[in-house]
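K.L.:
Sequence first, then the predicted structure, then my questions.
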Amino acid sequence: MYSRDIFDCPTPMNIFIDSDSFDPPQVNNEKIAEKLLLFRENKQLRYYKTKEKTLNPLLSSIPDVNDLLENIILGHCKMFDVDYNFSKDLYFPDRVFNYYAEKIFDDYEHNAQTKAKILPLLAHNGISVGGNCSIYITNDEKLLSHRNELLSHRISFSLFGLKTENSICIFSLNEASLVLDLFFKANGHYYSKESRDLTMGSWYHLSSYEKMPHIFGFNDPIMTGLFNRMSFALHCLDEIGIQNFKKVTPNNAYITIYNLTYLISLITGIFDNLAIKTASSLHFKTKHPEVITLKNNQKKFRDYVNVEYPKLFEYIHNSDSFISLIHEFREFAIHREGFDSLTFNNGDENKGFFTCLVKLPPNMNNAIDLIKKNEGNSNVYYPFSG
């Protein structure tokens with residue numbers, strides 16, 4: 001998922017819905033679509049749909065983007081005392097529609113369905129005069145494949161005599177679900193899947209419970225510690241995600257590194273909790289507690305688990321590359337030089353351009369190899385889960 005500084009903009013955020021992607025026959029994951037539409041009445045968001053008639057009843061209360069188009073044109077006519085066609089050609093010129101119809105959709109007939117999908121790319125300019133940001137939610141593969149090019153459509157519009165301060169961000173339904181969850185949290189709201197606004201601590205504890213419901217079967221301080229570390233780790237992940245959608249400054253670069261360092265420490269603590277609980281449950285005895293670890297360099301403990309609980313041993317063994325990666329990061333973050341933000345020189349020798357990327361030094365090649373091994377193996381952390 002690409003990042004944009006959309007969380008620093010004034011609210012409400014404009015949400016453009018590709019109606020085709022939310023109609024039941026077209027939706028691959030109807031639950032995600034329903035979650036995205038739960039907040040259509042939320043005052044921090046302003047929803048618009050691309051089609052007046054849809055098969056999804058949840059879209060019925062959302063204004064049609066064509067009505068928005070009409071209001072923008074008529075408002076401009078009244079404000080500047082110009083005729084309708086002049087105003088329409090300023091905000092929604094046919095040559096721009098035709099340009100994108102051909103460039104994105106290979107549609108040289110410029111049909112109405114294509115126009116409906118293109119309309120949000122222009123309509124957001126007319127309602128972003130106060131600096132409001134806009135996102136466009138769609139599963140249309142052609143729009144998604146061109147979105148990086150469309151982020152620079154400020155330049156493209158200037159070719160047609162248009163000016164805009166904000167570019168519209170295009171997300172798939174799954175991506176938008178993550179983005180809106182982070183957006184609400186960045187504004188101090190922690191919504192459950194029933195749309196209840198919880199406290200921060202309650203949200204993360206409930207989210208941890210949903211992921212590990214069996215943990216309450218133990219009356220054990222070790223498992224209580226694991227549960228708390230899990231909640232803190234989820235919070236760190238969200239804080240890192242939030243910074244990804246804020247304007248890059250030295251402050252949020254610092255926040256990103258702080259939370260990443262703490263996250264690494266928390267995960268290794270969770271690993272230790274799991275190892276200690278495993279040793280206790282399987283009655284593993286040793287005078288050297290340092291051998292009780294999930295790391296694969298302690299053969300005695302691993303061999304004991306393999307004999308007593310082969311399925312658990314296999315699960316740990318299959319997770320070795322991830323466990324090794326986290327411990328490699330911990331060694332670097334806690335015992336060595338630590339993380340630093342990645343900066344680029346922007347032409348001024350005295351100033352760098354800050355990013356929310358974290359720099360790995362050359363001696364972290366082993367970690368890079370482990371990242372490649374783990375690529376694609378991790379589960380996506382979905383929001384709105386309570």
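P.N.:
Nice, I can see it.

K.L.:
Tell me the spacing between E239 and I267.
P.N.:
Summarising the geometry, the distance separating E239 from I267, computed by Cβ to Cβ, to the nearest Å, is 15 Å. C-beta: built from backbone N, CA, C; applies to glycine.

K.L.:
And A233, by the same measure?
P.N.:
Distance from A233 to I267, counting by Cβ to Cβ: 6 Å.

K.L.:
and if you look at I257?
P.N.:
As judged by Cβ to Cβ, I257 and I267 stand 16 Å apart.

K.L.:
Same question for R336.
P.N.:
When distance is defined by Cβ to Cβ, R336 is 17 Å away from I267.

K.L.:
Likewise for A116?
P.N.:
Taking Cβ to Cβ as the measure, A116 falls 46 Å from I267.

K.L.:
what do you get for L45?
P.N.:
With the distance defined as Cβ to Cβ, L45 ends up 33 Å from I267.

K.L.:
Which one of these two is surrounded by more residues?
P.N.:
Legend: neighbour count by other Cβ atoms under 10 Å for L45 and I267, higher for I267 (21 against 17).

K.L.:
mind checking which helix or strand that one is in?
P.N.:
helix 250-281 (DSSP states H and E).

K.L.:
Which positions within that helix qualify as buried?
P.N.:
Across helix 250-281, burial judged by 16 or more other Cβ atoms under 10 Å covers 252-253, 255-257, 259-279.

K.L.:
and the next element down the chain from the lowest-mean-pLDDT helix or strand in the chain?
P.N.:
Least confident helix or strand, the chain: helix 153-158 with a mean of 44, by mean pLDDT, DSSP states H and E. Following helix 153-158 in sequence order, the next helix or strand is strand 169-171 (DSSP H and E).

K.L.:
got the contact list for that next one?
P.N.:
1-2, 4, 6, 133-138, 143-144, 147, 150-151, 179 (Cβ atoms under 8 Å, 6 or more residues apart in numbering).

K.L.:
what do you get for stretch 294-305?
P.N.:
For stretch 294-305, the external contacting residues (Cβ under 8 Å, 6+ apart) are 271-272, 274-275, 278-279, 282, 284, 286, 291-293, 312-313, 316-317, 319-320, 323-324, 327.

K.L.:
change it to 6 Å
P.N.:
271, 275, 284, 291-292, 312-313, 316, 320, 323 (Cβ atoms under 6 Å, 6 or more residues apart in numbering).

K.L.:
just stretch 16-35 next, same as before
P.N.:
So stretch 16-35 is contacted by 48-51, 54-56, 120, 136-139, 173-174, 177, 384 (Cβ under 6 Å, 6+ apart).

K.L.:
Could I get the contacting residues of A116?
P.N.:
Contacts were defined as Cβ under 6 Å, 6+ apart; by that measure A116 touches 50-51.

K.L.:
separation between it and N85?
P.N.:
With distances taken as Cβ to Cβ, A116 is found 21 Å from N85.

K.L.:
A333 now?
P.N.:
Look at A333 and N85: by Cβ to Cβ, they are 61 Å apart.

K.L.:
likewise P24?
P.N.:
Using Cβ to Cβ, one obtains 38 Å as the distance from P24 to N85.

K.L.:
And for I168?
P.N.:
The gap separating I168 from N85 is 25 Å, by Cβ to Cβ.

K.L.:
what about this structure, any weak spots by pLDDT?
P.N.:
Scanning the chain for pLDDT under 70 picks out the ranges 1-3, 25-28, 128-130, 151-166, 216-218, 343-355, 365, 367, 370, 373-386.

K.L.:
just the strands in it please.
P.N.:
Counting by DSSP state E, the segments of the chain that form strands are 13-17, 45-49, 134-137, 169-171, 190-191, 197-198, 340-345, 352-359.

K.L.:
could I get these as a markdown table with distance to N244?
P.N.:
Compiled in a markdown table, those are given as follows (distance: least, Cβ to Cβ, whole Å):
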| stretch | distance to N244 |
| --- | --- |
| strand 13-17 | 16 |
| strand 45-49 | 19 |
| strand 134-137 | 14 |
| strand 169-171 | 12 |
| strand 190-191 | 19 |
| strand 197-198 | 23 |
| strand 340-345 | 13 |
| strand 352-359 | 6 |
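
K.L.:
what's the distance between H327 and V291?
P.N.:
Between H327 and V291 the distance is 15 Å, computed by Cβ to Cβ.

K.L.:
ok so, going back, if you count contacts, what does the helix holding I267 end up packed against?
P.N.:
For helix 250-281, the packing partners by 3 or more Cβ pairs under 6 Å, 6 or more residues apart in numbering; DSSP states H and E come out as helix 221-244, helix 320-330, strand 352-359.
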